[in-house]
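Colleague: Here's a sequence, model it:
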Amino acid sequence: MNSIKNKPAPHSKDLRKGRYSQANQTYLLTTVTYQRQTVFSDFHLGRLVVHAIRKQHQLGNIDSLAFVVMPDHLHWLCTLQGDNTLANVMHQVKGNSACQIQKIRRERGLIPLHQPLWQDGYHDHALRKEEDLQQVARYIVANPLRAKLVANIGNYPLWDAIWL
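Modeller: Residues are numbered from 1 along each chain as shown. Below is the predicted model of the structure:
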């Protein structure tokens, strides 16, 4: 129990229970910003997350199939490559993006010195062979439509899918 307000402690460690990283397995990954702050409403900051995702693809750590960077979270459909782990890939994406984004936000006076960008942990779902990857990708990139951020997905700048 958290002694300050008598609330249970966060359970981000529970997200890692049973997690297994398998090469050539496709995963749907989701992670959220610290306290669900809408950091990526700023296009420039959202693009830094996109660059971190693309770097993992360029390094051969994953095959990126589809992603959308929402104002306060990221959905990413990717296939793990080689001997990489989900933990390593997410650590790299979150770490690289946080370093750049938090520097900018501190320079703008938007955050205190040591505030994190991302909440601890992430959610992963290993897709089964019978799941239709294109259907999952469509669901991912349609998030801005369902959230009513845009009326046409072409008007939302922070997404991509290989099926275009």
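
Colleague: Run the chain-centre distance for the helix or strand encompassing V49.
Modeller: In this structure, V49 is located in helix 43-58 according to DSSP states H and E. In terms of CA atoms, centre = their mean, to the nearest Å, the gap separating the centre of helix 43-58 from the centre of its chain is 10 Å.

Colleague: Quick one: list the elements packing against it.
Modeller: strand 62-69, strand 73-80, helix 86-107 (3 or more CB pairs under 8 Å, 6 or more residues apart in numbering; DSSP states H and E). C-beta here means a position set from N, CA and C on the backbone, and glycine is covered the same way.

Colleague: How about it, which residues are buried there?
Modeller: By neighbour count with 16 or more other CB atoms under 10 Å, helix 43-58 contains the buried residues 45-46, 48-50, 52-53, 56.

Colleague: Stretch 23-43 too?
Modeller: Those would be 26-29, 31-34, 37, 39-40, 42, for stretch 23-43 by 16+ other CB under 10 Å.

Colleague: And the buried residues of helix 43-58, which is closest to I140?
Modeller: I53 (12.5 Å; CB to CB).

Colleague: I'd say that closest one and N96 touch.
Modeller: No - the pair I53 / N96 is not scored as a contact, 9.7 Å apart, by CB atoms under 8 Å.

Colleague: Dihedrals phi and psi, H125?
Modeller: In terms of degrees, to the nearest 10, the main-chain angles of H125 are phi -130, psi 120.

Colleague: Kindly provide the distance from the closest residue to it other than its chain neighbours to Y34.
Modeller: Nearest residue to H125, sequence neighbours excluded (CB to CB, 6 or more residues apart in numbering): L28, at 4.5 Å. Going from L28 to Y34 by CB to CB, to the nearest Å gives 22 Å.

Colleague: about what we covered before: closest to A142 out of the buried residues of stretch 23-43?
Modeller: Using CB to CB, the buried residues of stretch 23-43 come closest to A142 at L28, 13.8 Å.

Colleague: Return the residues in contact with the closest one.
Modeller: By CB atoms under 8 Å, 6 or more residues apart in numbering, the contact set of L28 is 75-77, 124-125, 127, 136, 140.

Colleague: In PyMOL, select just the buried ones from the residues you listed.
Modeller: Here is the PyMOL selection string for the buried members of these, based on 16+ other CB under 10 Å:
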select buried, resi 75+76+77+124+127+136+140
